[in-house]
Every structure is written in C-alpha cells, then in structure tokens.
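Output the structure for:
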Amino acid sequence: MASEHIARAYDEELRKLNNTVAEMGGLAESQLGMAIDAVVTRDTEVAGQVVQNDDKMDRLERELDNLAIRLLALRQPVARDLREIFSALKIGSDLERIGDYAANVAKRSIALSQTPAVRPVYALPRMAHLAQELIKDVLDSYVQRDADKAYAVWIRDAELDEMYSSLFRELLTYMMEDPRSIGSCTHLLFMAKNIERIGDHATNIAENLYYLVNGRPLEEARPKGDISSLEVVRPDGGP
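Numbering: from 1, shown residues only. Below is the predicted model:
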C-alpha cells in the first residue's frame, strides 16, 4: 500500500514537472506574439505588458528547477525518468531565454515607436510567425513525445535563418539609401536577431526532445541558413 502511494506521488510530481514546461512554452509563444503586435501597432502598453510578464517566466523556471531538484534528491530516478528530468531542466532554460528575447523585442518596440515608421518593419512579423510555429510544434512534440516532429522543427530552423539573412541585407540597404533611418533600422536589426535566436532555442528543445525519446543525441550537423556575417552590401543594393 505504501509503495503504491509512493508511486502515485512520484507520477504526480513528474506530471507537474511536465505541466510546468508546457505552461512556460505557452507563455513564451504568447509573449513573442504580443511583442510583435506591439512593434506593428506601435503600442507601448502592450510592449510594457510583455516586459512585465517576463517576471512570470522567471518564476516558472525557478519552480521547475525546484521540482527537478526535489525529484532528483528524493526519488533517485534512473533511465527514462532521469532523461525526463534532465530534459525538462534544459528545455525550461531554453524557454526562459525565449521569453527574454521576446521581452527584448518589446523593449526595443517602445523606442522604435518614438521614431518615424520605416518600411522594413513589416518583414518582422513573417519571421516572428515562423518562430511561433517552431515553438508551437516543438512544444507539441514534447507533449506527444514525438521525436519525428521534433526533428522537423530542427530542420526548419534553417528557414528562419534564411529569413534573417534576407532582412539583414534589406535593412543595411535601406540605411545606406536613407541615413535618417539608421536609428529605426538598428532597432529592427536587433529585433530580427532576437527572433533568429528564438529559433535556435526552439532547435535546442527539439534536440533535447529527440534525446529524451530515443536515448541518444542527434548526430547530424545542425542546419544553418544565416549567412549575414558573410554579406557584402553595396549602396545600390547589388551583390
């Protein structure tokens, strides 16, 4: 009887761990959506809400850490259960960083709203939409323990990298053509980089989920589509 009670308590603690990861994921996804809405609508109130919500993400990560430490200390898990706990810790860390990047976008949107609107701002939502898709799909793969779906997210990160490289080039060209836009475009460059980094963290989560399910890491080289560091842009926009 006592052993059954211990087993039920252990299962409940694991469920709570997984639910906390899922809650962090939902918050990360909504934070990014709100941050981009703030950029497009120039709504400083929404941006401020995103910044404030980042405290909630930090609190959830601390709760996750405490749950994991308790499980490790009291339950001494092995095999699959041990992978569950370590994966949750790593995924929680990635989700917290995603929240940080969304908050960074929101903070810059407040500064951007004080400057004249520039055309390239409308390219950001496309990047953000793809990043949201990656977050949603990788969280679904976590809930479903679907390594194939996680692998698909891992592959698609290259699309986000390519979008970032394209926007990087567009923004540099825009600044060369109109030096008055340099301040606004610099904010957009940082925002775009934050979104690209969100994709990298979604890819980290996919790798951890793959390891959780299969008990072995992905051995392929991570696909990358970001060539911004190699770009040479001339004032006429030509290669």
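
residues in contact with the closest residue in space to residue 154 that isn't next to it in sequence?
Excluding its sequence neighbours, the residue lying closest to residue 154 (Cβ to Cβ, 6 or more residues apart in numbering) is residue 206, at 4.2 Å. Heads up, the C-betas are built off the backbone N, CA and C, glycines and all. Going by Cβ atoms under 8 Å, 6 or more residues apart in numbering, residue 206 touches 138, 141, 150-151, 153-154.

Could you tell me which other helices and strands the longest helix along the chain packs against?
Longest helix in the chain by number of residues (criterion: DSSP state H): helix 2-41. Using 3 or more Cβ pairs under 8 Å, 6 or more residues apart in numbering; DSSP states H and E, the elements in contact with helix 2-41 are helix 44-75, helix 79-112, helix 124-144, helix 182-214.

List the buried residues in the second one.
Residues of helix 79-112 classed as buried by neighbour count (16 or more other Cβ atoms under 10 Å): 83-110, 112.

Same question for stretch 158-175.
Those would be 158-161, 163-175, for stretch 158-175 by 16+ other Cβ under 10 Å.

So which of those belong to helices?
158-161, 163-175.

So what's the residue count around residue 178?
Residue 178 has 13 neighbours, counted by other Cβ atoms under 10 Å.

Of the contacts of residue 206 - the most surrounded one?
Busiest of those [other Cβ under 10 Å] is residue 138, holding 30 neighbours.

do you know how far that residue is from residue 214?
16 Å (Cβ to Cβ, to the nearest Å).

now do residue 21
In terms of Cβ to Cβ, residue 21 sits 19 Å off from residue 214.

Quick check on the two: which one has the bigger neighbour count.
residue 21 (24 against 13).

pLDDT value on that one, please?
Per-residue confidence for residue 21 comes out at a pLDDT of 96.

try residue 58
96.

Residue 117 now?
The predicted local confidence for residue 117 is 81.

show me what contacts it?
Contacts of residue 117 (Cβ under 8 Å, 6+ apart): 42, 184.
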